[in-house]
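Visitor: Fold the following, please.
(chains A and B, ligands or ions: 2)
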Amino acid sequence: MKKEFNFSVYLMYTKTIFLSKLVYKFDYVLGLLNTCIQLFIACLIWQTLYGGNASVEGISLPMVITTIVIGQGLSNAYFINDQAVSKLIKDGSISFTLLKPVSFRLQLLAEALGEITFRILSNFLPAVIIFSLATDVLPPAGVLPFLLFLISISLGFGVLWMLSSIVQFLSFWVMNVWSLSTIKNVLITVLSGAVIPIWFLPEKIASFVSYTPFGAIYFIPTRLYLGDIPPAEAGIYFTQQLLWIIAMLGISHLLWSMGKQRIVVQGG
Amino acid sequence: MDTVIECSALKKEFKINKRPKGFLGHMANLIVPKFEYKQAVSDISFRINRGDAVGFIGANGAGKSTTIKMLTGILAPTEGSITALGVHPQKDRKQYVAKIGAVFGQKSQLSWDLPVLDSFYLLQKIYQIPDQQFNQTLEQFTDILDMSGFIEQPVRQLSLGQRMRADIAASLLHKPELVFFDEPTIGLDVVAKEKIREFVRYLNREMQVTVIFTTHDMQDIEQVCQRLIIIDKGRKLYDGTVEGIKSTFGNEKKLIVQFESPACVYSIPGVSQKLKPNHVIEFSFSSDQVAVKDLVQALLAEHAVLDISITEQGIEQIIREIYEKGI
Ligand SMILES: Nc1ncnc2c1ncn2[C@@H]1O[C@H](COP(=O)(O)OP(=O)(O)OP(=O)(O)O)[C@@H](O)[C@H]1O
Ligand SMILES: [Mg+2]
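Guide: Ligands and ions are numbered 1, 2, ... in the order given. Coordinates of the predicted model:
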């Protein structure tokens, strides 16, 4: 059996979604405003908590603000619909998806990337620029830390995507993915360090987080960016991120292989 | 001959959540859900050869669409096996679906907001159709399916008949060798139906495409298909030629005779009589028991006859009787 992978097909899915988002101009102005307000409030809270102290537990206020802007800003841009698969099943359009000679899972990823690329360009980057001008967002610790950050942030997205794909494929068994998705999102918000940097979590929780994939999404990349992880140690953290991706890919693959037998197409 | 599809002992069971009535039943259901199994397809086997045009018919809920979905690899059969184009439709899905086409009359695969042509370009990318082949096919389809008037309009602005033609074209741009049509003429007017039949006939006869066609319109079958499979309650009732079903089941004839004055005809073995107004009597008989010639001669010899007409049972009627009584 010949197996060919055609990148251009998937790129087309990404492009189609990206272009379709350009139509709704009002949406992205509102989205940017929303992100800015969120980040502004978070910065204000941390400023108040610091109460004029230069640093708390060795962490300076600008470090915290940088962590928040990167973590929370990106989490607004990473729009992943956990209910994508269950929606396809409910409205029956999964039949046409499965009738195309395209990998279903890569198509899901490609389409999600279309939306995310759009949001990074229209929402995350403008917000970063605005906050760099208005507050103390730190520049990267250097060229090398910045490059390592770029690698690590991509791996971080991989971790997030795998978490979501596990939830998505559970929809073959669980009718209501919405509650699972909410639990997952709350865990990410609280434990990923995007809202409360992991430095400040109680020690027990912080050590618990180190056994979960949550810290690998935003926090490891941000620490590399700040130089809080020395470039020499980056390899260990990359390995950690990769292992999470591989482990969850295995679970997700298993769920998909078993679940696709259970696909039911609704409607005549 | 070259076998395109071989399926044996196909079975599909759907699991249905059976919810008891009332609030308590609702709560009990949340804790211990009760399920019921519904057999959509019980036992279906057949073989389809290259170049066949097979009509797949059965009453509502007989299991036609379910069978088509299994054959296209969308649904996994509960039991039984399918080999199509030499592969396993579900395991080798990507390889398989590149070579088949499917039209579901009740659903559209086109994007609601995009002009028809844009959806076609997306499909060109997905199936990686070379430009030259694509343009040639597109021109040909636009011509035969008469699409030039609406090909630049968004799908949501199309009439049902236009949308159906666009959907059919979309499913065939990649030149599949095996095509499934699930009720492609549903809700269409006579002219639109004719266009679609003509197109399917062209595909089958000129392009040697193997066609499987479900419909509730027997004219579709008579004009497009050589072979007929009838299923009922998930089982195969008949599998043979369209002509065969007429000669096997359609041998009932009716002779309608108008007499000059009220007539009393003695009962003839094998012939039943029905009295109608205006001195008309309707004689029904089976053509392999009674010869029309003998009957007419006997009547003319004894009575003054004004008018005689003879009707054969149409396929529509045959099928209706099969659905009602079984074989
Ligand atoms: N997703 C589903 N869940 C539960 N039962 C289903 C499902 N899909 C179909 N069925 C049942 O399976 C049986 C066969 O349905 P199917 O759609 O194959 O019929 P059909 O022959 O195509 O009928 P029609 O001529 O009305 O299109 C029906 O009794 C239907 O209720
Ligand atoms: Mg049907």
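Visitor: Name the residues of stretch A:182-201 that are buried.
Guide: Of the residues in stretch A:182-201, A:184-185, A:188-189, A:191-199, A:201 count as buried by neighbour count, 16 or more other CB atoms under 10 Å in any protein chain shown. Every residue, glycine included, has its C-beta placed from N, CA and C.
Visitor: can you list these in CSV and add distance to residue A:21?
Guide: As requested, the buried residues of stretch A:182-201 are arranged in CSV below (distance: CB to CB, whole Å):
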residue, distance to residue A:21
A:184, 24
A:185, 22
A:188, 23
A:189, 24
A:191, 30
A:192, 25
A:193, 28
A:194, 23
A:195, 26
A:196, 31
A:197, 31
A:198, 32
A:199, 35
A:201, 35
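Visitor: Let's see which of those end up in strands.
Guide: Within those, no residue falls in strands by DSSP state E.
Visitor: Which two among those residues are spaced furthest apart?
Guide: Maximum pairwise distance in the buried residues of stretch A:182-201, criterion CB to CB, is 23.4 Å, between A:184 and A:199.
Visitor: Centre of the chain to stretch A:51-68, how far?
Guide: 24 Å (CA atoms, centre = their mean, to the nearest Å).
Visitor: just stretch A:258-268 next, same as before
Guide: Centroid separation between stretch A:258-268 and its chain, computed with CA atoms, centre = their mean, is 29 Å.
Visitor: Now it: average pLDDT?
Guide: Over the span of stretch A:258-268, the pLDDT mean works out to 79.
Visitor: Which positions within that stretch qualify as buried?
Guide: Quick answer for stretch A:258-268 (16+ other CB under 10 Å): A:259, A:260, A:263, A:265, A:268.
Visitor: Stretch B:171-185 too?
Guide: Buried-residue list, stretch B:171-185, by 16+ other CB under 10 Å: B:171-174, B:176, B:178-185.
Visitor: Just the ones of those in strands?
Guide: B:178, B:179, B:180, B:181, B:182.
Visitor: which residues does whichever residue of the stretch 101-250 of chain B sits closest to chain A contact?
Guide: Of all residues in the stretch 101-250 of chain B, residue B:109 sits closest to chain A, at 4.2 Å by CB to the nearest CB. Contacts for residue B:109 (CB atoms under 8 Å, 6 or more residues apart in numbering or on different chains) come out as A:96, A:99, B:167, B:170, B:171.
Visitor: List phi and psi for residue B:273.
Guide: Dihedral angles of residue B:273 (phi, psi; degrees, to the nearest 10) stand at phi -120, psi 150.
Visitor: So in terms of bridging, what pairs with it?
Guide: On the basis of DSSP bridges, residue B:273 is bridged to residue B:283.
Visitor: Below-threshold pLDDT in the stretch 1-150 of chain B: ranges please.
Guide: B:1 (pLDDT under 70).
Visitor: Give me every residue in it lying close to chain A.
Guide: With CB under 8 Å from any CB of the partner chain as the criterion, the stretch 1-150 of chain B comes near chain A at residues B:14, B:65, B:69, B:72-76, B:87, B:90, B:92-95, B:97-98, B:100, B:102, B:104, B:106-107, B:109, B:122, B:125-128.
Visitor: mind checking which helix or strand residue B:211 is in?
Guide: Applying DSSP states H and E as the criterion places residue B:211 in strand B:210-214.
Visitor: So what's the residue count around residue 78?
Guide: Using chain A here. Close neighbours of residue A:78, defined as other CB atoms under 10 Å in any protein chain shown, add up to 21.
Visitor: ah, I was thinking of chain B
Guide: When neighbours are defined as other CB under 10 Å, residue B:78 has 17 of them.
Visitor: Also the one 4 residues further on?
Guide: Residue B:82 sits with 20 neighbouring residues when counted by other CB under 10 Å.
Visitor: bridging residues for it?
Guide: Applying DSSP bridges, one finds that residue B:82 bridges with residue B:7.
Visitor: How much space separates it from residue B:8?
Guide: Going from residue B:82 to residue B:8 by CB to CB, to the nearest Å gives 8 Å.
Visitor: just residue B:326 next, same as before
Guide: Relative to residue B:8, residue B:326 is positioned 23 Å away (CB to CB).
Visitor: residues contacting residue A:226?
Guide: Neighbour list for residue A:226: A:63, A:66, A:67, A:138, A:140, A:141, A:145 [criterion: CB under 8 Å, 6+ apart].
Visitor: From those, list the buried ones, please.
Guide: Buried members of these, scored by 16+ other CB under 10 Å, are A:63, A:66, A:67, A:138, A:140, A:141, A:145.
Visitor: which of those are close to ligand 2?
Guide: Counting by CB under 5 Å from the ion, nothing from the buried ones among the contacts of residue A:226 sits close to ligand 2.
Visitor: from the residues you listed, which is closest to ligand 1?
Guide: Nearest to ligand 1 among those is residue A:67, at 47.8 Å by CB to the nearest ligand atom.
Visitor: contact partners of the helix or strand harbouring that closest one?
Guide: Assessed by DSSP H and E, residue A:67 sits inside helix A:61-77. Outside of helix A:61-77, the residues within contact range by CB under 8 Å, 6+ apart are A:31, A:34-35, A:38-39, A:42-43, A:46-47, A:50, A:53-55, A:116, A:119-120, A:123-124, A:127-128, A:131, A:135-138, A:153, A:188-189, A:192-195, A:197, A:218-219, A:221-222, A:225-226, A:228.
Visitor: same check, this time on stretch B:235-249
Guide: With contacts defined as CB under 8 Å, 6+ apart, stretch B:235-249 is touched by B:42-46, B:55, B:58, B:221-222, B:225-231, B:313, B:315, B:318, B:321-322, B:326-327.
Visitor: how about a cut-off of 6 Å?
Guide: B:42, B:43, B:44, B:46, B:227, B:228, B:229, B:230, B:318, B:327 (CB atoms under 6 Å, 6 or more residues apart in numbering or on different chains).
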